[in-house]
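Undergrad: model the structure of this input:
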Amino acid sequence: MIETSRLCRSFGPIRAVEDLDLRVDAGEIFGFLGPNGAGKTTTIRMLCGLLEPTSGTLAIDGHDYRSAGSRIRQITALAPDTPPLYDYLSGWQYVAFVAGLYGIAADDRDRDGRRNLERLGLIDRADELCKGYSHGMRKKLHLAAVLTTRPRLLILDEPTTGLDPASVRTLKDMLSDARAEGVTVFLSTHVLSTAEEICDRVGILYEGRLRAEGSLSALRKDGLDTLEDVFLDLTENEADASS
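TA: Predicted coordinates:
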């Protein structure tokens with residue numbers, strides 16, 4: 001579903017992402033991990049067509065971003081850390097608006113939108129204006145909206161930030177259900193326990209470069225039993241090597 005080769009993005013003299021070779025298979029949940037400033041959000045913005053790569057190749061579902069941008073956008077949904085809601089739309093109006101952008105039929109929109117709002121605990125607040133929503137509610141509303149578009153690729157940037165434990169549990173269940181329906185999930189998070197619990201594979205980005213990739217079992221070494229152990233060992237060793 002996602003394939004990059006030597007993908008780079010520079011901001012002046014700064015290489016935010018450098019020579020990124022990445023492959024994410026269709027129907028898997030892929031965890032994209034790294035410390036602050038590693039280049040995760042820059043990568044996500046390139047995957048979504050919001051940022052032009054400086055060099056390298058990028059394909060989504062076999063389509064090159066340069067020649068098939070509209071096709072890629074039609075099958076891709078992004079749930080950013082700060083959702084772009086419209087304060088003077090109600091929650092339900094926002095879901096309908098997003099679904100309309102993707103050409104979702106009204107019957108499908110109403111059925112799937114209601115189901116997503118119910119699962120995320122927002123159905124009783126769906127007629128309220130978005131301006132009254134908390135940060136966690138805004139994130140859940142946007143997730144309900146983008147899932148209603150039936151994406152083939154769902155990209156999430158720090159999706160659990162601001163969510164209460166019950167909502168995090170529901171989110172995990174919804175992502176697992178999406179995977180079972182063939183949706184590819186690309187998940188950027190600092191919450192390593194979440195990645196460990198639901199991701200099929202992970203990639204660890206450090207200073208713009210992919211330092212490790214694979215399943216947790218493949219990344220384990222002697223004495224490293226958890227994803228947190230693997231992550232800290234890798235990033236601390238890279239920091240020591242560069243100092």
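Undergrad: residue contacts, the residue nearest the centre of the chain?
TA: A centroid search over the chain (CA atoms, centre = their mean) returns L156, at 2.0 Å, as the residue closest to the centre. Counting by CB atoms under 8 Å, 6 or more residues apart in numbering, L156 touches L78, A79, L143, V185, F186, L187, S188, T189. (Each C-beta comes from the backbone N, C-alpha and C, glycine too.)
Undergrad: do D127 as well
TA: S90, G91, W92.
Undergrad: hang on, the earlier thing: pick the one among the contacts of L156 closest to D200.
TA: Closest approach to D200 among these (CB to CB): V185, at 9.2 Å.
Undergrad: from what I can see that closest one touches D177, true?
TA: No - in this structure, V185 is not within contact of D177 by CB atoms under 8 Å, at 10.6 Å.
Undergrad: and these two? Which one has more around it.
TA: Neighbour count, other CB atoms under 10 Å: between V185 and D177, V185 has more, with 25 against 12.
Undergrad: that one - that's part of a strand, no?
TA: Yes - counting by DSSP: H, G, I helix; E, B strand; the rest coil, V185 is part of a strand.
Undergrad: nearest spatial neighbour of it, chain-adjacent residues omitted?
TA: Nearest residue to V185, sequence neighbours excluded (CB to CB, 6 or more residues apart in numbering): I29, at 4.3 Å.
Undergrad: can you map out the helices along the protein?
TA: Shown for the chain, the helices assigned by DSSP state H span residues 40-47, 69-75, 91-101, 106-119, 135-148, 165-180, 192-198, 216-219, 227-242.
Undergrad: nearest to L7, out of the ones you listed?
TA: helix 40-47 (6.9 Å).
Undergrad: from the chain's centroid, how far away is the closest one?
TA: Helix 40-47 sits 10 Å away from the centroid of its parent chain (CA atoms, centre = their mean, to the nearest Å).
Undergrad: what's the average pLDDT for that helix?
TA: Across helix 40-47, pLDDT averages out at 93.
Undergrad: what do you get for stretch 211-218?
TA: Here the average pLDDT along stretch 211-218 is 84.
Undergrad: now stretch 171-186
TA: On average, the pLDDT along stretch 171-186 is 94.
Undergrad: per-residue pLDDT, S242?
TA: Here, the pLDDT recorded for S242 equals 52.
Undergrad: which pLDDT value goes with the closest residue in space to T161 that isn't next to it in sequence?
TA: Of all residues not flanking T161 in the chain, D81 sits nearest, at 6.0 Å (CB to CB, 6+ apart). With respect to pLDDT, D81 has a value of 88.
Undergrad: try the one 10 residues further on
TA: On the pLDDT scale, G91 is placed at 96.
Undergrad: and for it, the neighbour number?
TA: G91 has 26 neighbours, counted by other CB under 10 Å.
Undergrad: and the gap between it and E228?
TA: Noted for G91: a distance of 36 Å to E228, by CB to CB, to the nearest Å.
Undergrad: please apply the same query to P84.
TA: On the measure of CB to CB, P84 and E228 end up 32 Å apart.
Undergrad: more neighbours: these two, which one.
TA: Higher neighbour count among P84 and E228: E228, with 13 against 10, using other CB under 10 Å.
Undergrad: nearest residue to that one in space, please, no chain neighbours.
TA: Distances taken as CB to CB, 6+ apart put L192 closest to E228, at 4.7 Å, once the chain neighbours are dropped.
Undergrad: count the residues that sit near E197.
TA: Around E197 there are 12 residues (other CB under 10 Å).
Undergrad: and if you look at S217?
TA: As a burial measure, S217 scores 6 neighbours (other CB under 10 Å).
Undergrad: what's the answer for the one 4 residues further on, then?
TA: Around K221 there are 10 other residues, counting by other CB under 10 Å.
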